[in-house]
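Colleague: I'll drop the sequence and a predicted model, then ask my questions.
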Amino acid sequence: MSARRIAAVTAAIAIAALGALTLRTIADVRRAETEFPPFGQFALIDGVRLHYLARGAGRPVVLLHGNPGFVQDFTLGRANVFDSLAMHYRAIAIDRPGHGHSGRPSEAGTTPREQARLVHGLLQQLGVERPVLVGHSWGGGLALIYAEQYPQDVAGLVLVGTRAYPAPQRVDPVYTINRMPVIGPLFRVTLLPPVGQRLLARRLTNAYAPDAVRADHLAAARALWLRPSQVAATVWDTRNLQLALDSASRGYGAIAMPVVIVVGDHDGGLDDSRRLHSAISRSELRVLPGAGHEIPLTRPGALAEAVGHVFTLVVPTATHDTVP
């Protein structure tokens, strides 16, 4: 067999294998979205379809998840923080653009500031005024940026294991490949799903440590976080937040609303939380002993209590912040 013939056969086999992997990924996505369907409502904001949960009455609390993430970060389990807050407040949890069941206007271009604008548009559509924003990890960085963009529209912040400053640069080959034109999209629908299962489990284990990973969280994450669309959102959100925090962090000293910073003593971002506490004059720092990064699912009671405490510090206005 000639070299040209061997090359043609090899290429045909490779194309067939990639096609088979792509078909499997499409089937896996359909299965995942059937097994874990949306269980909230949808709203169209500037052409972007956002999925959210809303329950309860009274003063509003808005929950923003990390990266990757979804509303399940606040709703899994019987004694979850969303249900606890909905007993006393108007609780709203949002799938950020490209995560969970929310759409995304573009992969690379959806910056944190654009996400803040979309969240603000959703809250306006829902008639929500001056909420307390609860941001976990990446969502904490989003809450800080939101508070800088719309300071008059936020009553207070609860920042949980928050991203607040640019992280030291390190090369992650999986993220680098995913950001490549052509190669990235092909990688996401072929090789990443089987490789990603192991990576996801390891990263969740690190995030939960010293606690054990919740089985229901791992199952939902394996199904939804590895979809090509959510992987794309995740890798670009990581880069885009890094760039956004470089400028946003210079304005933390101007934040005048009450802020409670909650972080586990095993969280790798503990030093950043301490630094943020020093930068914001009206902030309190709560370091939870024996806790890691996944506080919304491992310490929901502590998170709900922090929200209640922020509301006691909010200065009422003539038309807002009435007691429910």
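Modeller: Structure received.
Colleague: Have a look at the protein and report its longest strand.
Modeller: strand 48-55 (DSSP state E).
Colleague: Residue 142 reaches residue 112, doesn't it?
Modeller: Yes. Counting by Cβ atoms under 8 Å, a contact exists between residue 142 and residue 112, whose distance comes to 5.4 Å. Bear in mind the C-beta positions are built from the backbone N, C-alpha and C, glycine included.
Colleague: Comparing those two, which residue is more hemmed in?
Modeller: For residue 142 against residue 112, the residue with the higher neighbour count under other Cβ atoms under 10 Å is residue 142, and the figures read 30 against 24.
Colleague: for the helix or strand harbouring that one, the distance to its chain's centre please.
Modeller: Element membership of residue 142 [criterion: DSSP states H and E] is helix 138-149. Distance of helix 138-149 from its chain centroid, counting by Cα atoms, centre = their mean, to the nearest Å, is 12 Å.
Colleague: For the remainder of this discussion, apply numbering that starts at 603.
Modeller: Got it, the first residue is 603 from now on, which makes the last one we talked about helix 740-751.
Colleague: what's in contact with it?
Modeller: Outside helix 740-751, the residues that touch it by Cβ atoms under 8 Å, 6 or more residues apart in numbering are 665-669, 671, 698, 714-715, 717-719, 721-722, 735-737, 756, 759, 761-766, 839-840, 843, 846-847, 850, 853-854, 856-857, 859.
Colleague: Would you mind listing which of those residues are buried?
Modeller: Under a neighbour-count criterion of 16 or more other Cβ atoms under 10 Å, the subset of these counted as buried comprises 665-669, 671, 698, 714-715, 717-719, 721-722, 735-737, 756, 759, 761-766, 839-840, 843, 846-847, 850, 854, 857, 859.
Colleague: Just the ones of the residues you listed in helices?
Modeller: In helices, defined here by DSSP state H, the members of the buried ones among the contacts of helix 740-751 are 714-715, 717-719, 721-722, 839-840, 843, 846-847, 850.
Colleague: quick one: which of those is nearest residue 778?
Modeller: For residue 778, the closest of these turns out to be residue 840, at 11.0 Å, with distances computed as Cβ to Cβ.
Colleague: My guess is that closest one contacts residue 668. True?
Modeller: No. Between residue 840 and residue 668 there is no contact under Cβ under 8 Å: 10.7 Å.
Colleague: in the stretch 653-802 of the chain, which spans are strands?
Modeller: When secondary structure is read from DSSP state E, counting those that start in this stretch, the stretch 653-802 of the chain shows strands at 662-666, 692-696, 734-738, 758-762.
Colleague: strands paired with the third one, and their directions?
Modeller: Partner strands for strand 734-738, per DSSP bridges, with pairing direction: strand 662-666 (parallel), strand 758-762 (parallel).
Colleague: what comes up buried for stretch 864-877?
Modeller: Residues 864-866, 868-869, 871-872, 874-875 are the ones in stretch 864-877 that count as buried (16+ other Cβ under 10 Å).
Colleague: related to what we said a few turns ago, ok and the helix holding residue 744 relative to strand 758-762, angle-wise?
Modeller: What separates the directions of helix 740-751 and strand 758-762 is an angle of 160 degrees, with axes from the mean of the first three to the mean of the last three Cα atoms, to 10 degrees.
Colleague: quick one: average confidence on helix 740-751?
Modeller: The pLDDT scores in helix 740-751 average 98.
Colleague: rewinding a little: as JSON lines, the strands of the stretch 653-802 of the chain with distance to residue 776 would be great.
Modeller: As requested, these are arranged in JSON lines below (distance: least, Cβ to Cβ, whole Å):
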{"stretch": "strand 662-666", "distance to residue 776": "25"}
{"stretch": "strand 692-696", "distance to residue 776": "26"}
{"stretch": "strand 734-738", "distance to residue 776": "22"}
{"stretch": "strand 758-762", "distance to residue 776": "26"}
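Colleague: Brilliant, that's me finished.
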